[in-house]
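Novice: Predicted model and sequence below, questions to follow.
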Amino acid sequence: LLDSGQAAEALKVVESALAINPNALDFLGKKAAAHFLQDDGAAMAAVQEAMLAFNPSASVAFREPGRVAARHYRFAEAAAFQ
């Protein structure tokens, strides 16, 4: 869903997974990426901060938004995340 730009639909799937495990870093990374696609930098930063508070080494907080940014040809932003 994220690769095809369906951020709102992706957030629904992500939230259902996070209802089971609210600290699932892979899904939190996808949530941050969805907020990025929605151009909601504040929400993305809040998710990333929560991830890093839980695990200071959680590179997925930046890796997943970077991957999604590159898939949408937003290369400068992707490079900054990576």
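Specialist: Yep, that arrived.
Novice: contacts and neighbour counts: CA atoms only from here.
Specialist: Fine.
Novice: quick one: Ala46 from Ala19, how far?
Specialist: Computed as Cα to Cα, to the nearest Å, the Ala46 to Ala19 distance reads 18 Å.
Novice: which residue sits farthest out from the middle of this protein?
Specialist: Residue farthest from the centre of the chain, counting by Cα atoms, centre = their mean, is Ile20 at 17.7 Å.
Novice: can you count the residues close to Ser4?
Specialist: 10 (other Cα atoms under 10 Å).
Novice: With the one 10 residues further on instead?
Specialist: Neighbours of Val14 under the rule other Cα under 10 Å: 20.
Novice: Am I right that it is in contact with Lys31?
Specialist: Yes: counting by Cα atoms under 8 Å, Val14 does reach Lys31; the two are 6.4 Å apart.
Novice: ok, Leu18 touching Leu25?
Specialist: No: if you go by Cα under 8 Å, Leu18 and Leu25 don't touch, sitting 9.3 Å apart.
Novice: Tell me which of those two has more neighbours.
Specialist: Comparing Leu18 with Leu25 by other Cα under 10 Å, the one with more neighbours is Leu25, at 20 against 17.
Novice: Is the more buried one in contact with Ala50, as I believe?
Specialist: No: counting by Cα under 8 Å, Leu25 does not reach Ala50; the two are 10.0 Å apart.
Novice: distance of the closest residue to Ala17 other than its chain neighbours from Ala76?
Specialist: Excluding its sequence neighbours, the residue lying closest to Ala17 (Cα to Cα, 6 or more residues apart in numbering) is Phe27, at 7.2 Å. Distance of Phe27 to Ala76, given as Cα to Cα: 24 Å.
Novice: Which one of the two is surrounded by more residues?
Specialist: Phe27 (22 against 11).
Novice: give me the element that one is part of.
Specialist: helix 25-37 (DSSP states H and E).
Novice: what's next to that helix, contact-wise?
Specialist: Residues outside helix 25-37 that contact it (Cα atoms under 8 Å, 6 or more residues apart in numbering) are 2, 5, 7-8, 10-11, 14, 17-18, 41, 43-45, 47-48, 51, 58, 60-66, 68-69.
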